[in-house]
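Asks: Pasted the sequence and its predicted model underneath.
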Amino acid sequence: MDEPTSKDKFEVIDGRRFQSLDDSNYVLPNDAGEEDRLDMQHAMIKHAFDGNFSAPVDQLLRSGGRVLDVCCGSAAWTLDLAKEYPNSYFVGVDIAPVVLADEKPSNVEFVEYNVLDGLPFNSNSFDFVFARALVSVYTREQWTELAIPEYARVTKPGGWVELLEWDGMIRGQGKCENIQHMNNALPGLFESKGGLIVSPGFEIQGFLEQSGSFTNIGHKERPIPLGPKGERYAEMGIRDFRDVWRAMKYPFTVSMQVTGEHYDAIVEAAVKELIDYGAIWEHMRVWGQKKNRTA
């Protein structure tokens, strides 16, 4: 990512660039290192679910549709699909500018916008709306009063919405006291951010159902291994959580009330537990078709 153009939009803490708390609930960095991690996470999730989406939209995308990727991050998902489905048009929206190493495909557009202010698109304008890993974006109230209503609004009648989230508590496979220590610290951190949901994966199906805007709702769960060492994707999982824990040193030390040195020791011990014993990280996808009525 480029360096920030506004001192008010980002702040640098311990060498990592974070979004200003006035603009976002996001607790992870917003910089090139985080983009690399998100690209790796994209590969892990795609492998676990045998593809980039579960909604029945393959034929629609082949013939040509309009697709929105909410909080597109590094744009790995958007660019992957844009290459596979050249007849469709893809729009990625994110609070930070998307910086690409290569030339932007002709069927891709990026919009810089804070989704906590809604979605800057007309009603009934997308055939497929996709939103993934927004655990640090919406509070519980924002999920039900902002996110889902906005997704429904911008989706065409008969179009599809798909969400992917996870269980914030990773499940250790052995003597994983330090992993559990990190698990125990997460609820307090998320509560301090205004009521973020620790494990939204268990709730997203209910969000779609309770909105009353969707039919043909589907659900799929997949475990992603975080170690032990020895298998490619399991090792990617170790690196993912190692990088997440290291990146979140500042907010975690504040919420855990420990020194930076103590926090570093806990993280390195937790990473060793992943290497030695492994853990499971549950992911959930849900999708639904917008009812044929005016938004």
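Replies: Arrived safely.

Asks: Going along the chain, name the strands of the stretch 51-200 of the chain.
Replies: In the stretch 51-200 of the chain, the strands defined using DSSP state E, counting those that start in this stretch lie at 66-70, 89-94, 108-112, 126-132, 155-166, 171-172.

Asks: could I get those as a markdown table with mean neighbour count, distance to Q59 and mean pLDDT?
Replies: From N, CA and C alone the C-beta is placed, and that goes for glycine too. Shown next, in a markdown table, are the strands of the stretch 51-200 of the chain (neighbours: other C-beta atoms under 10 Å; distance: least, C-beta to C-beta, whole Å; pLDDT from 0 to 100):
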| stretch | mean neighbour count | distance to Q59 | mean pLDDT |
| --- | --- | --- | --- |
| strand 66-70 | 24 | 14 | 98 |
| strand 89-94 | 22 | 16 | 97 |
| strand 108-112 | 16 | 21 | 97 |
| strand 126-132 | 25 | 11 | 98 |
| strand 155-166 | 22 | 12 | 98 |
| strand 171-172 | 18 | 37 | 86 |
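
Asks: Please name whichever of the ones you listed is nearest to G278.
Replies: strand 171-172 (7.9 Å; C-beta to C-beta).

Asks: so what does the closest one touch, helix or strand wise?
Replies: strand 279-290 (3 or more C-beta pairs under 8 Å, 6 or more residues apart in numbering; DSSP states H and E).

Asks: Please identify the buried residues of the strand it packs on?
Replies: For strand 279-290, the neighbour count (16 or more other C-beta atoms under 10 Å) marks 279, 281-290 as buried.

Asks: That strand vs strand 126-132, what angle?
Replies: 160 degrees (axes from the mean of the first three to the mean of the last three C-alpha atoms, to 10 degrees).

Asks: Looking at the buried residues of strand 279-290, which one is closest to V91?
Replies: Nearest to V91 among these is K290, at 17.2 Å by C-beta to C-beta.

Asks: ok, and the helix or strand in this protein with the lowest average confidence?
Replies: strand 16-19 (a mean of 67; mean pLDDT, DSSP states H and E).

Asks: which outside residues touch whichever helix or strand comes after that strand?
Replies: Later in the chain than strand 16-19, the nearest helix or strand by DSSP states H and E is helix 32-48. Residues from elsewhere that reach helix 32-48 (C-beta atoms under 8 Å, 6 or more residues apart in numbering): 1, 16, 28, 52, 73-74, 76-77, 80, 132-133, 164, 222-224, 233, 236-237, 239-240, 243-244, 247, 283.

Asks: Could you do stretch 196-209 as well?
Replies: 25, 27, 134-136, 138-140, 143-144, 147-148, 161, 163-169, 186-187, 190, 214, 217, 219, 221, 282-284, 286, 288.

Asks: centre of the chain versus it, how much separation?
Replies: 13 Å (C-alpha atoms, centre = their mean, to the nearest Å).

Asks: Check the separation of the first and last residues in it.
Replies: 20 Å (C-alpha to C-alpha, to the nearest Å).

Asks: List the buried residues for that stretch?
Replies: 196-205, 207-208.

Asks: same check, this time on stretch 232-243
Replies: 234-243.

Asks: picking that back up, got TSV for the buried residues of stretch 196-209, with distance to V98 and pLDDT too?
Replies: Conversion of those to TSV gives the following (distance: C-beta to C-beta, whole Å; pLDDT from 0 to 100):
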residue	distance to V98	pLDDT
L196	24	94
I197	26	96
V198	28	95
S199	28	96
P200	24	97
G201	25	97
F202	30	97
E203	28	97
I204	25	98
Q205	29	98
F207	27	98
L208	27	98
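
Asks: Can you flag which of the residues you listed belong to helices?
Replies: 204-205, 207-208 (DSSP state H).

Asks: S63: which of those is nearest?
Replies: Looking across these and measuring by C-beta to C-beta, the closest to S63 is L208, at 25.1 Å.

Asks: Just the buried positions in stretch 51-68, please.
Replies: Under 16+ other C-beta under 10 Å, the buried positions of stretch 51-68 are 52-55, 57, 60-61, 65-68.

Asks: what's the most distant pair in those residues?
Replies: Maximum distance among the buried residues of stretch 51-68 (C-beta to C-beta): 19.2 Å, for S54 and R66.

Asks: related to what we said a few turns ago, arrange the buried residues of strand 279-290 in JSON lines, one row each, with pLDDT and distance to S255 as further columns.
Replies: Output for those, formatted as JSON lines (pLDDT from 0 to 100; distance: C-beta to C-beta, whole Å):
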{"residue": "A279", "pLDDT": "95", "distance to S255": "21"}
{"residue": "W281", "pLDDT": "96", "distance to S255": "21"}
{"residue": "E282", "pLDDT": "97", "distance to S255": "23"}
{"residue": "H283", "pLDDT": "97", "distance to S255": "24"}
{"residue": "M284", "pLDDT": "98", "distance to S255": "25"}
{"residue": "R285", "pLDDT": "98", "distance to S255": "29"}
{"residue": "V286", "pLDDT": "98", "distance to S255": "29"}
{"residue": "W287", "pLDDT": "98", "distance to S255": "34"}
{"residue": "G288", "pLDDT": "98", "distance to S255": "34"}
{"residue": "Q289", "pLDDT": "98", "distance to S255": "40"}
{"residue": "K290", "pLDDT": "98", "distance to S255": "38"}
